[in-house]
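1. sequence-free structure coming up:
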């Protein structure tokens, strides 16, 4: 049994300690990659196997003890669909990869333009014209090559929505128009999965979590058949990096809450923020 | 008898329309949100989300004084 993954993990494990002095065993990110190459499984699976042996992949040391090893396994086992890879989606992708979400379904048909540079984390001067989905895949793989990424370089439509969200535990709405949000919500409801939804204008925005049986976006934008606009106040105010990044971080925490403590999610509640006067308020929608 | 007041918070593109005394806006008791917005020259079509004391309400909801009123226009950026 000397060549089993379990045996090899225990042989490679190093004694270490958390910052509070708690003893632990760790395995390095480099050894995870090496073991994945050697065994033909993904690095994500190696990390899960290590955690089951109470061996911490060292990249997650600073996730402890806010997260437990069981929590980390749960994140690594989960699949999240991120639709829209601009201001919100770029930071959501980056943050969830670092948190250790195991599987990503990334969706965007857009390419970077110069006016994205003010806020979109994945944009840079040398990426003008690059598909956003390509940059997002590269970013996830740069952070952790062991994570599994499924990329779709197309815009969300009523035709492709069910296929895009169907394999996921959660969908994250990082879109930039109201109609597409309703299309995504309908697909998430058909798939029976929750959707984290956020929107930004200027340095204000809001975030909520919608379960399949909830009224959802209608509570925020009114009935879909009475929509008379595609965009909102952002057409006048733009979108500034502090507002976008903050709201994207709030979306990430909703994803983590849904996976680990679903009762804490912003269900039928809307967290509104306005950095102009430091407003943070959670409002009751229903 | 003292005139009742409300606290009014306008979000996003509505912020520039905030009255100077937004923390203490005098109202007539029983006035509806719609009537208040008309009085303050705030376009009703942009008053998409209306919250009173942290709970979603409608244009028809009436105010008695002492409430915290929040109004959000449609926001869709990402």
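-> Received, thanks. Model, not experiment: these values are computed from the prediction.
2. contacts, neighbours, all on C-alpha from now
-> Noted.
3. mind listing the strands in chain A by residue range?
-> For chain A, the strands defined by DSSP state E cover A:14-17, A:23-27, A:55-57, A:79-83, A:103-107, A:148-152, A:170-173, A:195-201, A:204-210, A:269-274, A:279-284.
4. Dump the ones you listed to JSON lines, plus distance to chain B, mean neighbour count and mean pLDDT.
-> As requested, the strands of chain A are exported to JSON lines (distance: least, Cα to the nearest Cα, whole Å; neighbours: other Cα atoms under 10 Å in any protein chain shown; pLDDT from 0 to 100):
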{"stretch": "strand A:14-17", "distance to chain B": "40", "mean neighbour count": "14", "mean pLDDT": "96"}
{"stretch": "strand A:23-27", "distance to chain B": "37", "mean neighbour count": "19", "mean pLDDT": "98"}
{"stretch": "strand A:55-57", "distance to chain B": "33", "mean neighbour count": "23", "mean pLDDT": "98"}
{"stretch": "strand A:79-83", "distance to chain B": "11", "mean neighbour count": "25", "mean pLDDT": "98"}
{"stretch": "strand A:103-107", "distance to chain B": "14", "mean neighbour count": "24", "mean pLDDT": "98"}
{"stretch": "strand A:148-152", "distance to chain B": "18", "mean neighbour count": "18", "mean pLDDT": "98"}
{"stretch": "strand A:170-173", "distance to chain B": "9", "mean neighbour count": "27", "mean pLDDT": "98"}
{"stretch": "strand A:195-201", "distance to chain B": "5", "mean neighbour count": "29", "mean pLDDT": "97"}
{"stretch": "strand A:204-210", "distance to chain B": "6", "mean neighbour count": "26", "mean pLDDT": "98"}
{"stretch": "strand A:269-274", "distance to chain B": "7", "mean neighbour count": "21", "mean pLDDT": "97"}
{"stretch": "strand A:279-284", "distance to chain B": "5", "mean neighbour count": "16", "mean pLDDT": "96"}
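5. can those go into JSON lines with extra columns for distance to residue A:127?
-> Formatted as JSON lines, the strands of chain A follow (distance: least, Cα to Cα, whole Å):
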{"stretch": "strand A:14-17", "distance to residue A:127": "40"}
{"stretch": "strand A:23-27", "distance to residue A:127": "34"}
{"stretch": "strand A:55-57", "distance to residue A:127": "32"}
{"stretch": "strand A:79-83", "distance to residue A:127": "20"}
{"stretch": "strand A:103-107", "distance to residue A:127": "18"}
{"stretch": "strand A:148-152", "distance to residue A:127": "18"}
{"stretch": "strand A:170-173", "distance to residue A:127": "23"}
{"stretch": "strand A:195-201", "distance to residue A:127": "24"}
{"stretch": "strand A:204-210", "distance to residue A:127": "27"}
{"stretch": "strand A:269-274", "distance to residue A:127": "31"}
{"stretch": "strand A:279-284", "distance to residue A:127": "34"}
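6. near chain B, which residues of the stretch 101-250 of chain A?
-> Within the stretch 101-250 of chain A, the positions adjacent to chain B are A:174-178, A:198-205, A:220-222, A:230-234, A:236-239, A:244 by Cα under 8 Å from any Cα of the partner chain.
7. Make a PyMOL selection of the buried ones in those residues.
-> Here is the PyMOL selection string for the buried members of those, based on 16 or more other Cα atoms under 10 Å in any protein chain shown:
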select buried, chain A and resi 174+175+176+177+178+198+199+200+201+202+203+204+205+220+221+231+232+233+234+237+239+244
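8. which ones among the residues of the stretch 101-250 of chain A next to chain B are found in helices?
-> Counting by DSSP state H, the part of these found in helices is A:178, A:220-221, A:234, A:236-237, A:244.
9. Make a markdown table from these and add distance to residue A:58 and pLDDT to it.
-> Shown next, in a markdown table, are these (distance: Cα to Cα, whole Å; pLDDT from 0 to 100):
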| residue | distance to residue A:58 | pLDDT |
| --- | --- | --- |
| A:178 | 41 | 94 |
| A:220 | 42 | 94 |
| A:221 | 44 | 92 |
| A:234 | 41 | 87 |
| A:236 | 45 | 88 |
| A:237 | 42 | 91 |
| A:244 | 30 | 98 |
